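Participant: Just a sequence and a predicted model for now, questions to come.
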Amino acid sequence: MKEPLKPQHTPMNDIDDWEDHLLERYPDPEVSQKKKEEFRNYVDSDRLDTVKQFYRLNHTFQTYDFVCKKEEEFLKFNRREMSIWDAVTFLNTLVDDSDPDIDLDQLQHLLQTSEAIRADGHPDWFVLTGFLHDMGKVLCLFGEPQWAVVGDTFPVGCQFSDQIVYHEFFKENPDYTNQKYNHKYGIYSKNCGLNNVKMSWGHDEYLYQITKDFLPEPALYMIRYHSFYAQHREGAYSHLMNAHDHEMFEWVKKFNPYDLYSKAPIKPDAKALRPYYEGLVSKYLPEKLKF
Ligand SMILES: [Fe+2]
Ligand SMILES: [Fe+2]
């Protein structure tokens, strides 16, 4: 008999196991075949099972109503007021001790992403976006389960695309049989624009809502849609996007390789880099942000 799914269940040892799984799905085109195979051997272990279990929970419980409930709960921003550096310190209490290859904590992932962007000579707001993009994961520290913080994001309120990883698990989602939602456009209309489309709830949407008044529009698109793989990699939801979304998605696509492929065993020197990032943060963001 199948074990009943419990929403509070957190199958992955670490929330970053999801990102390792992404790397397997979308391997770095510049990494050699041998390296890819070595990596696969590592992911193929028990972790694949826990990631699969994680997706089952995500796809079962991310309904239209669930997203409305989370927006209501979190978009009041009445939990904490923090400077970005406080938020980083807070986020760093989520430490990954399960990764045998590289010992990376959250700050290091952010710095590796942003430093890779900086090394390529991109504008400072793009560098800042790399540095900020996963701050929404503080949701975990507010007691939210993994499936409501990380994972691929997708529109709710319309048909779930079969381009979404483990799409078969959507059969367990109540919206799958709800006639209001279970057709191509659902409650939306052709090319209505993503701003009118509700996405599954997680760290992307949360951080977008926190930063939306302060950053240039391409930065906001990168933050809001960086886990929307079904679109930025597979193009599965173009029918909901307008011309402006398509233009902005060029930035989302530009950002994605920095997020996925900037992991390296050499740790960035967080202490030495801090003054530069403090300057960048104060150029664009208020001293404290509401979470
Ligand atoms: Fe992310
Ligand atoms: Fe990331």
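Facilitator: On my side now, so go ahead. Predicted model, so just to flag it, every value in this text is computed and none were measured. Residues are numbered from 1 along each chain as shown. Ligands and ions are numbered 1, 2, ... in the order given.

Participant: Residue 71: neighbour count?
Facilitator: Close neighbours of residue 71, defined as other CB atoms under 10 Å, add up to 15. Where C-beta positions appear, they are placed from N, C-alpha and C, glycine not excepted.

Participant: What parts of this protein come near ligand 2?
Facilitator: Residues of the chain found near ligand 2 (CB under 5 Å from the ion) are 134, 259.

Participant: which stretches of the chain form strands?
Facilitator: For the chain, strands defined by DSSP state E occupy the ranges 81-82, 289-290.

Participant: Could you dump those into TSV with mean pLDDT added?
Facilitator: Shown next, in TSV, are the strands of the chain (pLDDT from 0 to 100):
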stretch	mean pLDDT
strand 81-82	96
strand 289-290	96
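
Participant: what sits against the residue most central in space within the chain?
Facilitator: In the chain, the centroid-proximal residue (CA atoms, centre = their mean) is residue 227; its distance is 4.1 Å. Contacts for residue 227 (CB atoms under 8 Å, 6 or more residues apart in numbering) come out as 150-153, 202-204.

Participant: what's the closest non-adjacent residue to it?
Facilitator: Closest residue in space to residue 227, ignoring its immediate chain neighbours: residue 153 at 4.5 Å, by CB to CB, 6 or more residues apart in numbering.

Participant: Give me the below-cutoff pLDDT ranges for the protein.
Facilitator: 1-3, 32-45, 95-104 (pLDDT under 70).

Participant: what comes into contact with stretch 73-89?
Facilitator: Here stretch 73-89 has contacts from 90, 106-107, 110, 132, 135, 138-139, 142, 206, 209-210, 274, 278, 281, 285, 287-291, using CB under 8 Å, 6+ apart.

Participant: how distant is that stretch from the center of its chain?
Facilitator: Remark: stretch 73-89 is offset 18 Å from the chain centroid, using CA atoms, centre = their mean, to the nearest Å.

Participant: how many neighbours does residue 22 have?
Facilitator: 22.

Participant: That one contacts residue 263, doesn't it?
Facilitator: No: using CB atoms under 8 Å as the test, residue 22 is too far from residue 263 to be in contact (11.3 Å).

Participant: how close does residue 11 get to residue 137?
Facilitator: Using CB to CB, to the nearest Å, residue 11 is found at 17 Å from residue 137.

Participant: the more surrounded of those two?
Facilitator: The residue with more neighbours, out of residue 11 and residue 137, is residue 137; 25 against 18, by other CB under 10 Å.

Participant: And the buried ones among the contacts of stretch 73-89, selectable in ChimeraX?
Facilitator: This is how ChimeraX selects the buried members of the contacts of stretch 73-89, with burial counted by 16 or more other CB atoms under 10 Å:
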select :90,106,107,110,132,135,138,139,206,209,210,281,285,289,291
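
Participant: Of the contacts of stretch 73-89, which belong to helices?
Facilitator: Secondary structure from DSSP state H places 90, 106-107, 110, 132, 138-139, 206, 209-210, 274, 278, 281 of the contacts of stretch 73-89 in helices.

Participant: residues near the closest residue to residue 278 other than its chain neighbours, how many?
Facilitator: Counting by CB to CB, 6+ apart, residue 278 lies nearest to residue 85, which is 7.2 Å off, once chain neighbours are set aside. By other CB under 10 Å, 13 other residues sit near residue 85.

Participant: Please determine how far residue 85 is located from residue 9.
Facilitator: For residue 85, the distance to residue 9 - CB to CB - is 33 Å.

Participant: residue boundaries of the helices in the stretch 101-250 of the chain?
Facilitator: 106-119, 124-132, 138-141, 203-211, 217-225, 229-232, 243-261 (DSSP state H, counting those that start in this stretch).

Participant: Tell me which of the ones you listed lies nearest to residue 57.
Facilitator: helix 138-141 (14.3 Å; CB to CB).

Participant: What is that closest one packed up against?
Facilitator: Contacts defined by 3 or more CB pairs under 8 Å, 6 or more residues apart in numbering; DSSP states H and E place helix 138-141 against helix 84-91.

Participant: can you state the direction angle for the helix it packs on and helix 124-132?
Facilitator: The directions of helix 84-91 and helix 124-132 differ by 30 degrees, with axes from the mean of the first three to the mean of the last three CA atoms, to 10 degrees as the criterion.

Participant: Tell me who's in contact with the closest residue to ligand 2 within the stretch 51-200 of the chain.
Facilitator: Nearest residue of the stretch 51-200 of the chain to ligand 2: residue 134, at 4.4 Å (CB to the ion). By CB under 8 Å, 6+ apart, the residues touching residue 134 are 91, 106, 109-110, 203, 207.

Participant: Could you do residue 199 as well?
Facilitator: Residues near residue 199 by CB under 8 Å, 6+ apart: 67, 153-156, 205, 224-225, 228.
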